[in-house]
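**Student:** Just a sequence and a predicted model for now, questions to come.
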Amino acid sequence: MVSTTSPSRDEATGTGANTAKIASALLRYRVLAWVTGLWLLLLTGEMIAKYGFDVDTPSWIAVVHGWVYFVYLLVTADLAVKVRWPIGRTVGTLIAGTVPLLSFFVEHLNAKKVKRDYAL
C-alpha cells in the first residue's frame with residue numbers, strides 16, 4: 001500500500017540510502033526540466049517563424065523536443081515515485097513541460113520543496 005503522508009523522520013532528516021537516490025533523481029529532474037523548457041522555447045520560436053512569418057524552418061527541432069520531453073517524463077516519474085508525490089502534483093509537473101516557460105517555474109518550486117522535505 002502506498003502512503004500519501006509526509007516523509008518519515010529518517011527520510012526528512014536526510015539519513016539513509018534513500019536520500020542519495022532522491023538527490024540524484026532530483027538532479028536528473030532539474031536538468032531535464034531546464035533542457036525541456038529550452039527546447040520548448042526554441043520550438044515555439046520556430047512555430048512563430050514558420051506560421052507567423054512564413055519562414056522555412058528545420059523540422060528536426062520538433063523531433064528533438066519530443067524526445068527530450070519523453071526523457072523528462074521518465075525522470076519526473078522516477079522522482080515522483082521516490083518522493084511519493086500525490087498524483088495531482090505528478091501530473092501537473094508532467095504537463096509543465098508542454099507550456100512555454102512553465103517548466104522553469106515548476107522546477108524551482110518542486111526542487112525547493114524536495115530539498116526542504118528531505119534536507120538536501
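**Tutor:** That came through fine.

**Student:** Val83 against Arg116, yeah?
**Tutor:** No. Val83 is not in contact with Arg116 according to C-beta atoms under 8 Å; the separation is 11.3 Å. For every residue, glycine as well, the C-beta is placed using N, CA and C.

**Student:** of these two, who's got more company?
**Tutor:** Val83 (21 against 10; other C-beta atoms under 10 Å).

**Student:** can you give me how far the host helix or strand of Lys113 is from the chain middle?
**Tutor:** Counting by DSSP states H and E, the element that carries Lys113 is helix 102-118. With C-alpha atoms, centre = their mean, to the nearest Å as the basis, helix 102-118 stands 9 Å off its chain's centre.

**Student:** Mean confidence (pLDDT) on that helix, please.
**Tutor:** Averaged over helix 102-118, pLDDT sits at 96.

**Student:** Give the helix, strand or coil label for the residue nearest to Lys21 when sequence neighbours are not counted.
**Tutor:** Spatial nearest neighbour of Lys21, excluding adjacent residues (C-beta to C-beta, 6 or more residues apart in numbering): Lys82 at 6.0 Å. The assignment at Lys82 comes out as helix when based on DSSP: H, G, I helix; E, B strand; the rest coil.

**Student:** Just give the nearest non-adjacent residue to the spatially most central residue of the chain, would you?
**Tutor:** Nearest to the mean C-alpha position of the chain, by C-alpha atoms, centre = their mean, lies Ala33 at 4.1 Å. Leaving aside its sequence neighbours, Ala33 sits nearest to Glu107 (C-beta to C-beta, 6+ apart; 3.7 Å).
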